[in-house]
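Enquirer: Just a sequence and a predicted model for now, questions to come.
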Amino acid sequence: MKKIISFGFLSVLFLVLTSYKVPNNNEQRKTLLKIVMQSLQIQHYTDAKIDDAFSEKVYSLYLKRLDYGKRFLTQEDVAQLSPWKTKIDNQINDLQFDFYELSVKLLSQRMTEVEGFYKTLLEKPFDYSKDEFYETNEEKSAFSQNSKDLQDNWRKYLKYQSLLRITEALIEQEKAKAKNDTSIKIKNFTQIEEESRQKVQTMIDEFFARLKKIREEERFHLYINSIVSTFDPHTEYFPPKQKQDFDINISGRLEGIGATLQEKGDYIKVVRIVPGSASWKQGDLKSGDIILKVAQGDNEPVDIVGMRLDDAVQLIRGKKGTEVRLTVKKVDGTIKVISIIRDIVILEESLAKSAIVTDSKTGIKTGYIKLPSFYTDFTRTGGNGCASDILAEIRKLIAENVDGIVFDLRDNGGGSLQDAVDIAGYFISNGPVVQVKSRFGKPMILDDRNSNVVYNGNLVFLVNTLSASASEILAAAMQDYNRAIIIGGSTFGKGTVQRFIELDQFLNAENQPGNSFGSLKVTIQNFYRINGVTTQFKGVIPDIILPDIYEYAKIREKDLDYPLPPDNIQSVNYTKWSPSVNYNYVKARSTDRVKTDDYFKIITENALFLKSQEESSNISLTLENFKKETEEATKKSEQYIENNKVIPSLSVISLKADKAVIEKDTASTARTKAWHDEIVKDHYIFEAINVIADLKKSK
C-alpha cells in the first residue's frame, strides 16, 4: 500500500513557528525583515542576488509551505498570487507585504470554506465501490481547480482516511478469528464503517481547533523562513522560544519539572515523567494526569484549559530551585494541587552511553558506544559536551580490556563541530581533522593538536543515511586516516556549517522592552575532508556497505529545497594510520557474510518496497483494492518486524564502572535493560562485531 499510514498535511501544517512576545505590527515586521536580509547578505556563505530568479524560488517554497499538501488553495487563488512570482524581490527591498497579506487572506477564506462542509461530507457512508483514486504524494498532487473541485478533493481525502481505519479494523478482526482471539469484539461492516467516519471527524475537528490557535505572527514567520531558506535549507529564522528549544536539544539539558506533555483537545495531558527529574522525585504527578492550572510559587494560578501547548509549557518550565504549583485532574477524577521544585532535567536519551557486547561464537568482547548527537552546552561554562563524555566512555572500555570498539553514529544528525574534532583526536596521534572554508579567504584547518592516542585498538564506525554533518566529519576523518573501518549505509551529505546571529544586537532604543526579534541560523562555511573532497551531496561512502532501509528514500541533503552545490578543494598533508591488519581481507569477509544473510536480504526487499510505494502513490479508493494493498503493506511490515529477532550468540552487560549507579535506580535499571534488549536484536551491531573479530584475526 502506498503511504498507507500517511497523515500527511495534518502534521506538517502544524510545523509553524512557536509563539512568544514578538514583533507583530507593520513597522516591527519591516525591522525584522530588514535586519534578517542584511545579516544574510553579509554573513551567508553565498553571495545571493535578490532578483527575479530569487523571487521565483521564494514564491515556490512559500506556496509549498503555506498550503502543504494543497488542501486549501485553489488554482483560482494561485492565479491571484502568480503575478507576484517575480515581484517578491521588490517586496523585500521595499519592505512591503502585499503578497504575504494576500496569501494569508486567501488561505484563511479557503480554510473557513472547508470547515463549513467537511462535517457534511462525513455524515453518510462513502461509495467504497466507486473506481477513483487519491494522490498521496504532495509533489505530484495539484491544486483544486475551484470550490467545487476543492470539495470533491476533500471528499476523496476523507474517504481515504476512513478506508485506512476500516481496513485496519477488518484485518484485525480476520486475524482474531484465525487465532480464536475472543478479546477482539467482532463487528459488522456497517458498524466498522460508521466508527471509522466518526474517528476521522474527531481527527479533523482537532485539526481545525489547532488551526484556530495559529497566531498572525506565526504565519509571518513562515513567510520570513521561506525567504531565508531560499539561501539554503539549513539557514533558518528562530523566534526566541524556538531558539530556546534548540539550545535544550543540543545541550541535552533543561530546567523544569521533567514531564512530557501533550495537547489533547482543550486540555494539557501528562504523557511521561522523565526518570530522575523533579516530577519523578516529588512523585505525585503521573502519566495520564490533566493539568488545569499553573501557579508560580504563591502567585495566583493561571487557567490553562484551552491554552496552546507551547504557551502552557512556558508557564510550567522555569529556573532550577523555583516552585511551580500544578492543579491537576487525576485519572480517577479527583482534583489535586501538586507543588514541584524545578530542577535540572538531563535528557538521558540524547547523551553518549556504552556497553559490553560479547559474541559467544567468536569469544569477541566488544565495547559499544552510542552517540545520538554531537551535543554541547553553548549557554554556560562547564556544560555537557559529548567529547568529554566520550572520553570517559573510552577509558572505561579500555579498563574492561575489550577486543575492539564499535562507535555507532547511526541517526546522528550532527551538532558541535569542535566536539567532532576532539573525538577524532582520541583515535589518532595528531594532525588535521577537517577543512573549513568561509565565503572569503583560504580554508581553515581544524587540527587534533594532542599527540596522545587515547585508544589505538580495533575500531569500527557504524553510519547510515541519517548520519549527517559532524557525524560525517568524524567518519570521514577516520576513513581518510585509515584509522577505522566504516560500515553501514551512505550518509546524509550535509557539508555546511551554521552559526547563530542574535538579531536584537542590531536594534536601537526604538525596540519596545519585552520584545525580541529572535535569532538567525546562517550557513557561513563549507567543510571538506582532509583529502579535499566535500561531503556535501556525496556524504561518506562506507568501506563496507550494508543494506539500508532508507537507501532509496528521498531524504538526503540533495533531496532538500535549494541545497548548496558541491565542490572540492586541495588536500592537506596528513599521515595515514599504519594498521597491522589486512583491510581487504576484512572487507571481503564482511561482504561474503552480508550476501548470504537472510536479515539483510529482507532489509533490501523492504527498501525496494518502500521505493515502489513512493513511486506508485495514486491510491485506489475501492475497498477491495485498498484492503488488498493494505494487506500487502502489513505483510511487509510484519516481515520487517519479525526480522528483528534476538541474535542468540550475543549478550550485553553494563560497564563495571556504571553498574553501581544503574542498580541504585529502578527506572535507570529498566531503561538500561530495554537498551540492551535492542542491542541483541541489532544485526548491524552484530556485523560490526564480526568485523572486529576479523580485524583481530588478521593481525
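Expert: Thanks, I have the structure now.
Enquirer: What is the helix or strand in which Leu446 is found packed up against?
Expert: Element membership of Leu446, judged by DSSP states H and E, is strand 444-448. On a contact count with 3 or more C-beta pairs under 8 Å, 6 or more residues apart in numbering; DSSP states H and E, strand 444-448 meets helix 417-425, strand 431-438. Every residue, glycine included, has its C-beta placed from N, CA and C.
Enquirer: continuing past it, what's the next helix or strand?
Expert: Heading C-terminal from strand 444-448 (DSSP H and E), you reach strand 458-463.
Enquirer: Residues contacting that following strand, please?
Expert: Applying C-beta atoms under 8 Å, 6 or more residues apart in numbering, the set of residues contacting strand 458-463 from outside is 403-410, 427, 471-472, 474-475, 478, 483-489, 491, 540, 542, 581, 684-685, 688, 691-692, 695-696.
Enquirer: pLDDT on it, on average?
Expert: In this model, strand 458-463 has an average pLDDT of 98.
Enquirer: before we move on, what about stretch 66-86?
Expert: Averaged across stretch 66-86, the pLDDT comes to 96.
Enquirer: what's the offset of it from the middle of its chain?
Expert: Centre-to-centre, stretch 66-86 and its host chain are 28 Å apart (C-alpha atoms, centre = their mean, to the nearest Å).
Enquirer: now swap in stretch 161-170 and tell me
Expert: Worked out by C-alpha atoms, centre = their mean, stretch 161-170 lies 28 Å from the chain centre.
Enquirer: now do stretch 265-282
Expert: The chain centroid and the centroid of stretch 265-282 are separated by 22 Å under C-alpha atoms, centre = their mean.
Enquirer: go on, stretch 661-680?
Expert: Here the centre of stretch 661-680 is set off from its chain's centre by 25 Å, with C-alpha atoms, centre = their mean.
Enquirer: Stretch 416-432 now?
Expert: Centre to centre, stretch against its chain (C-alpha atoms, centre = their mean), the figure for stretch 416-432 is 26 Å.
Enquirer: buried set for it?
Expert: Going by neighbour count (16 or more other C-beta atoms under 10 Å), the buried part of stretch 416-432 is 416-417, 419-428, 431-432.
Enquirer: and it, how far apart are its ends?
Expert: Stretch 416-432 has an end-to-end distance of 17 Å (C-alpha to C-alpha, to the nearest Å).
Enquirer: Show me where the stretch 401-550 of the chain dips below the pLDDT cut-off.
Expert: 508-515 (pLDDT under 70).
Enquirer: The chain too?
Expert: Scanning the chain for pLDDT under 70 picks out the ranges 1-24, 241-255, 275-276, 345-348, 377-384, 508-515, 580.
Enquirer: and the angle for the biggest strand by length in the chain with strand 431-438?
Expert: With secondary structure taken from DSSP state E, the chain has its longest strand at strand 519-528. Angle of strand 519-528 versus strand 431-438, following axes from the mean of the first three to the mean of the last three C-alpha atoms, to 10 degrees, is 130 degrees.
Enquirer: quick revisit: closest one of the buried residues of stretch 416-432 to Asp311?
Expert: Checking those against Asp311 by C-beta to C-beta gives Ser416 as the nearest, at 30.5 Å.
Enquirer: My guess is the closest one contacts Tyr375. True?
Expert: Yes: counting by C-beta atoms under 8 Å, Tyr375 is a contact partner of Ser416 at 6.9 Å.
Enquirer: Quick check: end-to-end length of stretch 120-135?
Expert: One end of stretch 120-135 to the other measures 22 Å (C-alpha to C-alpha).
Enquirer: List the buried residues for it?
Expert: Leu121, Leu122, Phe126, Tyr128, Tyr134, Glu135.
Enquirer: In those residues, find the pair that's most separated.
Expert: By the measure C-beta to C-beta, Leu122 and Glu135 form the most distant pair in these, at 20.6 Å.
Enquirer: what's the domain layout of the chain?
Expert: The chain breaks down into these domains under automatic domain parsing: 8-43+49-230, 253-346, 349-428+457-492+536-556+580-697.
Enquirer: residue boundaries of the helices in the stretch 551-699 of the chain?
Expert: 583-595, 598-615, 623-643, 656-664, 666-679, 683-697 (DSSP state H, counting those that start in this stretch).
Enquirer: Give me the buried positions along the fifth one.
Expert: Residues of helix 666-679 classed as buried under the neighbour-count rule (16+ other C-beta under 10 Å) are Ser668, Arg671, Thr672, His676, Ile679.
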